[in-house]
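Visitor: Here you go, sequence then predicted model.
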Amino acid sequence: MKKRILTGIVGAGIAVAWLLTMYTPAFAIVMAVVACIGVFEMLKVFEVKNKIFFAICELTGFLTALYADYKDKINLPFYAVITGIVLLSLIIMVSDFKKLRFEQVVCSLFSAFLIPAALSTVVLLRDSYITFPNVFKNASDGVFLVLFAFFCSWLTDIFALFTGKAFGKHKLSPNISPKKTVEGAIGGILGNIILCVLMWLVFKIKFNLSSYISVVWVIVSALALSVISIFGDLAASTIKRHHGIKDFGNILPGHGGVMDRFDSSVFVFAALYSEIIVMGYIIGG
């Protein structure tokens, strides 16, 4: 537990330093690197041995993550590129059919596209005031949404951990994750909602948030995203169960790998951005 807490403190410091680069190219690049590490961990889980296919997945992950920040500057036939990557992967599978199985190709490509695409939505959340100017006022709205995404992902997990240790009695999903409890899940949800509301108060008073980011919206969204975060955590635990591993990696002492830390983020970031898109089109016309 001490190692986990120490890593968490160091990680929080790094996260704060990264957030300070929010409106620089470094913001998207760092997220792309994180996504690539996540893809790397998943390819290891799927036991991919073909180096060429491995490299294609890593490059796909990096470019997919960067695309969110440079899509307006780079005019690419995105669907054609995706089709080309899939076809090339299948050609490699045919040429190395004894070592590279179809299920490995499918799972690897799924990870190479999904993880970077979902994580890169944090860049799109940052730019929400540009995309939907009739809904969001200024850059402070974008900063709030980015922090809100991280709060709902990470705070739910943190509060669930400590609440579960203190009060946990009823197993949430014993066959998938025996340590998770119903009490922990409730504590994670409530703790996240409280801190999200406090953050909303600070932003509302100091930075004049858009009226559409109301306290009711924050509470309802935090509740929904906390539930999604827990589901994402369980989904990641299911993958680990199926492959007989404890952690996705060991880059973060006490936490495991990048995907052990960002597993729920993949779901939360994408879900929040989907909500923002719906708001943008309904309210902004």
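Guide: Right, received. Where do you want to start?
Visitor: hey, let's count contacts and neighbours off CA atoms from now on
Guide: Will do.
Visitor: Which parts of the stretch 151-285 of the chain are strands?
Guide: Using DSSP state E, counting those that start in this stretch, the strands of the stretch 151-285 of the chain run over residues 171-173, 177-181.
Visitor: Now do the buried residues in the last one.
Guide: Which is strand 177-181. For strand 177-181, a neighbour-count test (16 or more other C-alpha atoms under 10 Å) marks 177, 179-181 as buried.
Visitor: Could you do stretch 89-101 as well?
Guide: For stretch 89-101, by 16+ other C-alpha under 10 Å, it's 89-90, 92-93, 100.
Visitor: so can I have CSV of the residues you listed showing distance to Gly164?
Guide: Compiled in CSV, the buried residues of stretch 89-101 are given as follows (distance: C-alpha to C-alpha, whole Å):
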residue, distance to Gly164
Ser89, 43
Leu90, 45
Ile92, 46
Met93, 45
Leu100, 41
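Visitor: which one of these sits closest to Tyr70?
Guide: Nearest to Tyr70 among the buried residues of stretch 89-101, counting by C-alpha to C-alpha, is Ser89 at 25.0 Å.
Visitor: where's that closest one relative to Gln104, distance?
Guide: 11 Å (C-alpha to C-alpha, to the nearest Å).
Visitor: ok, now Val278?
Guide: Using C-alpha to C-alpha, Val278 is found at 35 Å from Gln104.
Visitor: Which of those two has more residues huddled nearby?
Guide: Gln104 (18 against 12; other C-alpha atoms under 10 Å).
Visitor: Could you pull out the helices in the stretch 151-285 of the chain for me?
Guide: For the stretch 151-285 of the chain, the helices defined by DSSP state H, counting those that start in this stretch occupy 156-167, 182-207, 215-243, 258-283.
Visitor: Quick one: closest of those to Ile14.
Guide: Among those, helix 258-283 comes nearest to Ile14, with 13.7 Å by C-alpha to C-alpha.
Visitor: Quick one: mark the members of the buried residues of stretch 89-101 that sit in strands.
Guide: Among the buried residues of stretch 89-101, none falls in strands (DSSP state E).
Visitor: just these now: which is nearest Val123?
Guide: Ser89 (28.3 Å).
Visitor: right, and that closest one touches Cys107 too?
Guide: No: between Ser89 and Cys107 there is no contact under C-alpha atoms under 8 Å: 11.8 Å.
Visitor: Just the buried positions in stretch 277-285, please.
Guide: Buried-residue list, stretch 277-285, by 16+ other C-alpha under 10 Å: 277, 280.
Visitor: Could you count how many residues lie near Ile74?
Guide: 9.
Visitor: can you check Val48 too?
Guide: 18.
Visitor: tell me the contacts of Gly257?
Guide: Contacts for Gly257 (C-alpha atoms under 8 Å, 6 or more residues apart in numbering) come out as 38, 41, 247-251.
Visitor: Now do the nearest residue to it once chain neighbours are set aside against Leu66, distance only.
Guide: Spatial nearest neighbour of Gly257, chain neighbours left out: Gly249 (3.7 Å); criterion: C-alpha to C-alpha, 6 or more residues apart in numbering. Noted for Gly249: a distance of 23 Å to Leu66, by C-alpha to C-alpha.
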